[in-house]
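Trainee: Kindly return the folded structure for what I paste below:
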Amino acid sequence: MKKALILCTGNSCRSQIAHGFLKEFSRKGTQVYSAGVETHGVNPRAIETMKRVGIDISHHTSNHIDEYTDIDLDYVITVCDSAREKCPYFPSSAARFHYSFPDPAGATGTEEEIAATFDAVRDEIRTYCKAFASAYL
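Mentor: Okay, the predicted model is just below:
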């Protein structure tokens, strides 16, 4: 059984979206976790953008990386440059991957424009997670 941790700065948006997709695309039994170097709570817009593609992440919680130091992880995936810089070492023999997705939480404009930004980042994360799960999970 493979174990993957997705790491972002606040574990509120990009890592939560990636968590939902990796769980969806991985083989049964794969354990997927997400965490941040800080905790900001799950972004309500992240929940909504995932709902629009039929994935419910409303039950997710925002967790700190320290909660996962005792888990023997196979993969650690950082999804933003800040997390990669603030947490360059994770005490694990896990294979490390990095992909810096844009932060949709910083989107401005009308509600429709903000939703479109979230959807675009969500779709980019979906493509990455589908390929990652196919190759490793």
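
Trainee: Can you verify residue 70 is assigned to a helix?
Mentor: No: under DSSP: H, G, I helix; E, B strand; the rest coil, residue 70 falls outside any helix and is assigned coil.

Trainee: so how far is residue 23 from it?
Mentor: The span separating residue 70 from residue 23 equals 21 Å under the rule CB to CB, to the nearest Å. C-beta coordinates here come from the backbone N, C-alpha and C atoms, glycine included.

Trainee: do the same with residue 59
Mentor: 11 Å.

Trainee: If you count surrounding residues, which of these two has more?
Mentor: Neighbour count, other CB atoms under 10 Å: between residue 59 and residue 23, residue 23 has more, with 20 against 7.

Trainee: For that one, which residues are in contact?
Mentor: Residue 23 makes contact with 30, 32, according to CB atoms under 8 Å, 6 or more residues apart in numbering.

Trainee: Where does it sit: helix, strand or coil?
Mentor: Residue 23 ends up helix, using three-state DSSP.

Trainee: Which pLDDT value belongs to it?
Mentor: Residue 23 carries a pLDDT score of 96 in this model.

Trainee: Can you tell me which residue sits nearest the middle of the chain?
Mentor: residue 15 (1.9 Å; CA atoms, centre = their mean).

Trainee: how about that one, secondary structure?
Mentor: Classification of residue 15 using three-state DSSP returns helix.

Trainee: Low-confidence stretches in the chain?
Mentor: Low-confidence segments of the chain, defined by pLDDT under 70: 82-91.
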